[in-house]
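*Asks:* task: produce atomic coordinates for the following.
(2 chains)
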Amino acid sequence: MSGSNHTLNLILAIVVTVFCCLPLGIVAIVFAAIGMSREGSGDYAGAESAARTARICIWISFGLGLAVLAIYALLFLLLGIGTAILGF
Amino acid sequence: MVSESANPRSRPRPHLLARQTATFAAWLAPAVLAGCGLALVYAVDPRTPGNYPPCLFLFVTGCYCPGCGTLRALHSLLHGDLSGALGYNALTIALLPFLGAAYCHGLAHAVGRRPIPALRVSHHAAWATLAVVLAFWAMRNVPVSPLSALAP
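*Replies:* Model (predicted):
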């Protein structure tokens, strides 16, 4: 396991924390940091497991953020079509 | 892929080229996505309520999350208003140079001709980042004069 993967996890965790507006990003930062600490102390299996948890949190956070955006866009579109048809 | 597995040594170059192209695409995609997002945020004002979905955390709990105000901050920054951007979300603006630098390093590392050393961040920096984000999150929810400046 190379160090750059943990760094990438940390960076992606920060990105989802700031852009996806979900506290799950904080959890991702925690696990990315745990992974880096464990790798530093030589616990490579533990580091890999923490990195996997971090990546799962990142993907869930990203997916939820995207889902909120998609649902909102759909509602916006439906509302627009609805008002256009009803002539408000 | 089938021909490659049948005789792996016959054509190493196209395989390498395909891998490089795939890596380049994988690194280019986030930049294109970010560019489209920034163009949208530039054009459509996030300060107008209803233009963008509300933050899920703010919607459910009524408290600001560390990312609240990011779109307004980016909109302000793209229109040249740095102080306004810092007022909406100082954390995002402070992290942007780091994210940009990390992306450029990753891109150079992945597609550059000359190998460059991998980006290594110490775990102390990771824990410090966590502390900063948590402190920012807590402070911006305190409605007292100096701290309330951190709220979006």
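
*Asks:* mind checking which helix or strand A:Ser57 is in?
*Replies:* For residue A:57 the amino acid is Cys, not Ser. A:Cys57 belongs to helix A:44-86 when assigned by DSSP states H and E.

*Asks:* is that helix in proximity to chain B?
*Replies:* Yes - judged by C-beta under 8 Å from any C-beta of the partner chain, helix A:44-86 and chain B are in contact via A:64, A:68-69, A:71-72. C-betas here are computed from N, CA, C, even on glycine.

*Asks:* quick check, nearest of these to chain B?
*Replies:* Checking those against chain B with C-beta to the nearest C-beta, the nearest one is A:Tyr72 at 3.6 Å.

*Asks:* so how far is the helix holding A:Cys57 from its chain's centroid?
*Replies:* 9 Å (C-alpha atoms, centre = their mean, to the nearest Å).

*Asks:* so for it, what's the average pLDDT?
*Replies:* Mean pLDDT, computed over helix A:44-86, is 88.

*Asks:* output the contacting helices and strands for it.
*Replies:* In terms of contacts (3 or more C-beta pairs under 8 Å, 6 or more residues apart in numbering or on different chains; DSSP states H and E), helix A:44-86 is packed against helix A:3-19, helix A:24-40.

*Asks:* okay if I get those helices as a markdown table plus mean pLDDT, mean neighbour count and distance to B:Val121?
*Replies:* Shown next, in a markdown table, are the helices and strands packed on helix A:44-86 (pLDDT from 0 to 100; neighbours: other C-beta atoms under 10 Å in any protein chain shown; distance: least, C-beta to C-beta, whole Å):
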| stretch | mean pLDDT | mean neighbour count | distance to B:Val121 |
| --- | --- | --- | --- |
| helix A:3-19 | 84 | 23 | 5 |
| helix A:24-40 | 92 | 24 | 7 |
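
*Asks:* having no further points to raise, I will conclude here.
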